[in-house]
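[1] Show me how the following folds:
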Amino acid sequence: MQTTVNKQRVFQQLFTAAARHAKGEPESRPVLEQFLYAICREGVTRELADRAFRSLRDNYFDWNEVRVSSPRELAESMDCLPDAEGRGQRVVDFLQEVFETTFSFDLESLQKKGVKLAAKQLSRYQAASEYVVSSVVQNSLGGHAIPLDDGSLRVVRRLGLIENETDDLEALRSSLEHQVPKAKAATFSDAISAVAYEYCHDNSPRCGSCPLCPHCPTGQDMKQTAPTTHRTKPR
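    Next up is the predicted model:
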């Protein structure tokens, strides 16, 4: 179990690593576009999500053209992402549902409902996930939320930033949100997703290369149990 002091060191290392690889502040987007972007962003780095989302905007005239396209067509524009066709299906489903209920592609009216009510409405969309809704809350609605996809959740568990073994994502997010200031939430999200993508893989994590390994209980355990390679001394 991580002590409070150890947790603070881990957070500091995360923010330091994020600052070293920072590529500017995340782009500000309207609610609808942030929802679509979060579908691209879930499970990958910001760089890959930016590339896929930019391709969607550049290759189609407007969101209505995206709505009437097939998931396979959209997958070609998002081919840098895993499960591109599945994400394409979610994009189509979301735009179709928004169009059927609002006859437009504008969800800015949610800004007037307050964060909780807006998040509740967003969660009702078929394409929504805990990650997508939290991402919209954090980046477009001005609320304090930390999106957790599978990779990010794996990182914070292995780092010992959350001890609760529950699968209740709302409870886990609440625990992290009490530890991470709102002003640093976006930086924290970028940092843990980058660590998940680059080092903290589900199978065969690259603990020896991870900059957080000295502060990570799991990383230290992995180093201790790793087989030692003996080299024959030259004669």
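[2] how many other residues sit next to Asp202?
    The local packing of Asp202 (other Cβ atoms under 10 Å) involves 9 other residues. Yep, even glycine has a C-beta here, placed from its N, CA and C like the rest.
[3] Hmm, Leu153 and it touching each other?
    No: applying Cβ atoms under 8 Å as the test, Asp202 and Leu153 come out as separate, 10.9 Å apart.
[4] Quick one: residues contacting the residue nearest the centre of the chain.
    When Cα atoms, centre = their mean is applied to the chain, the residue found nearest the centroid is Glu42 (4.7 Å). The neighbourhood of Glu42, defined by Cβ atoms under 8 Å, 6 or more residues apart in numbering, consists of 129, 131-132, 135, 147, 149.
[5] now swap in Ser152 and tell me
    Counting by Cβ under 8 Å, 6+ apart, Ser152 makes contact with 189, 192-193, 196.
[6] what does the helix or strand encompassing Glu47 rub up against?
    Assigned by DSSP states H and E, Glu47 belongs to helix 46-59. Helix 46-59 has contacts (Cβ under 8 Å, 6+ apart) with 23, 26-27, 36-37, 40-41, 66, 74, 77-78, 80-81, 84, 87, 91, 190, 193-194.
[7] Tell me which helix or strand Leu74 sits in.
    When elements are assigned from DSSP H and E, Leu74 belongs to helix 71-77.
[8] Now that helix: buried residues?
    Using 16 or more other Cβ atoms under 10 Å as the test for burial, helix 71-77 gives 71, 74-75, 77.
[9] any idea of the mean pLDDT in the next helix or strand after the helix holding Glu47?
    On the C-terminal side of helix 46-59, the closest following helix or strand by DSSP H and E is helix 63-67. Per-residue pLDDT over helix 63-67 has a mean of 98.
[10] repeat for stretch 121-130
    Stretch 121-130 comes out with an average pLDDT of 97.
[11] Give me the contacts around that stretch.
    31, 35, 39, 42, 90-91, 93-94, 97-98, 110, 113, 132-133, 136, 147-148, 169-170, 173.
[12] Derive a ChimeraX selection command for the buried subset of these.
    Command for ChimeraX that selects the buried part of these, burial taken from 16+ other Cβ under 10 Å:
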select :31,35,39,42,90,91,93,94,97,98,110,132,133,136,147,148,173
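[13] just to revisit the earlier point, do you know how far the residue nearest to the centre of the chain is from Ala49?
    Relative to Ala49, Glu42 is positioned 8 Å away (Cβ to Cβ, to the nearest Å).
[14] try Ala183
    Taken as Cβ to Cβ, the span from Ala183 to Ala49 is 22 Å.
[15] more crowded one of the two?
    Neighbours were counted for Ala183 and for Ala49 using other Cβ under 10 Å; Ala49 has more, 22 against 8.
[16] Could you identify the buried members of the contacts of helix 46-59?
    For these, buried by 16+ other Cβ under 10 Å: 26, 36-37, 40-41, 66, 74, 77-78, 81, 84, 87, 91, 190, 193-194.
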